[in-house]
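Peer 1: below are the sequence and a predicted model for it; my questions follow.
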Amino acid sequence: MRMATDELVAALAADLRPVRRIAPVWRRTLMWLLISLPAAGLVAWQAGLRPDLAARLADSRFLLTEVACLLTAISGCYAALCAELPDQRGWKLWLPLAPLALWLGTLGAQCWDVFLRLGPSGLVLTEDTMCLPAIVEGGLVPALVMVVLLRRGGRFRATHACLCGGLAAAAMGAAALQFYHVEDAAIMVIVWQLGAVMLLSLLAGLLGRIFLRPARPPITL
């Protein structure tokens, strides 16, 4: 029996290949950002920068909204990469909620200011169907890079990882959209832009398991 066990162990170890250790989460997040940010910027550049961009960049509310959007993208990427690894703490999975709340709160404060100045007539919602395809276009490269990074990981909490990964890509697309889309009404941004981001995130969470299936549990003998 001892000889049979030794032979079995030798046979199992004979075809083993060296495994390269996965990079830390912060390093892969930085890699995603270094690829995604120029790609989203290129989409904005090709679409044509808005003529009032200089004035908008001097507006603190615009900058705060843009920063909150970018922080949502970065923290979403970090949370997605943490979700796929079983050794990461659970609180890291919910990091995107803070910048997302800041983003929504900033837009909500702007809506309240408009309501106080103009009344209900200042919150009229009109159709702006270009937001969804524009966010998809700006977030396409970030989404593809996210899929590659997640497929190289542990695929532990696949649904949560895809949800946060979709949020990261969509938020990056929304951040790029602000540089060439002239619509700044807060109610429009909440409904058409932030709404599109949440819709794409939910779709990624629901459909992402097609690309990221949970790893099979180890077989115990």
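Peer 2: Arrived safely.
Peer 1: assign residue 127 to helix, strand or coil.
Peer 2: For residue 127, the secondary-structure state derived from DSSP: H, G, I helix; E, B strand; the rest coil is coil.
Peer 1: return the per-residue confidence for it.
Peer 2: Residue 127 is assigned a predicted lDDT (pLDDT) of 73.
Peer 1: just residue 9 next, same as before
Peer 2: Residue-level confidence at residue 9 comes out at 68, pLDDT.
Peer 1: so where is this structure shaky, pLDDT-wise?
Peer 2: For the chain, residues meeting the criterion pLDDT under 70 lie at 1-4, 8-9, 11-13, 15-19, 121-122, 125, 154-155, 184, 209, 211-221.
Peer 1: so residue 106 is in contact with residue 64, correct?
Peer 2: Yes: in terms of CB atoms under 8 Å, residue 106 counts as a neighbour of residue 64; the distance is 5.3 Å. Every residue, glycine included, has its C-beta placed from N, CA and C.
Peer 1: ok, these two, which is more surrounded?
Peer 2: Neighbour count, other CB atoms under 10 Å: between residue 106 and residue 64, residue 106 has more, with 20 against 17.
Peer 1: what's stretch 177-194 in contact with?
Peer 2: Stretch 177-194 has contacts (CB atoms under 8 Å, 6 or more residues apart in numbering) with 41, 44, 47-53, 56, 62, 65-66, 69, 103-104, 107-108, 110-111, 114, 123-126, 128-132, 134-135, 138, 174.
Peer 1: pull out the buried residues from it.
Peer 2: Burial within stretch 177-194, assessed by neighbour count using 16 or more other CB atoms under 10 Å, is assigned to 177-181, 184-194.
Peer 1: before we move on, what about stretch 65-85?
Peer 2: Of the residues in stretch 65-85, those with enough neighbours to count as buried (16+ other CB under 10 Å) are 65-66, 68-85.
Peer 1: any idea which residue sits dead centre in the protein?
Peer 2: residue 168 (0.8 Å; CA atoms, centre = their mean).
Peer 1: give me every residue that touches the nearest residue to it once chain neighbours are set aside.
Peer 2: Nearest non-adjacent residue to residue 168, counting by CB to CB, 6 or more residues apart in numbering: residue 76, 3.3 Å away. The neighbours of residue 76, taking CB under 8 Å, 6+ apart as the test, are 96, 164, 165, 167, 168, 171.
Peer 1: for the residue lying closest to residue 132 once chain neighbours are set aside, the count of nearby residues, please.
Peer 2: Counting by CB to CB, 6+ apart, residue 196 is the residue found nearest to residue 132 once chain neighbours are left out, at 4.5 Å. Number of residues near residue 196 (other CB under 10 Å) recorded here: 23.
Peer 1: could you measure residue 196 against residue 123, distance?
Peer 2: Taking CB to CB, to the nearest Å as the measure, residue 196 and residue 123 are separated by 19 Å.
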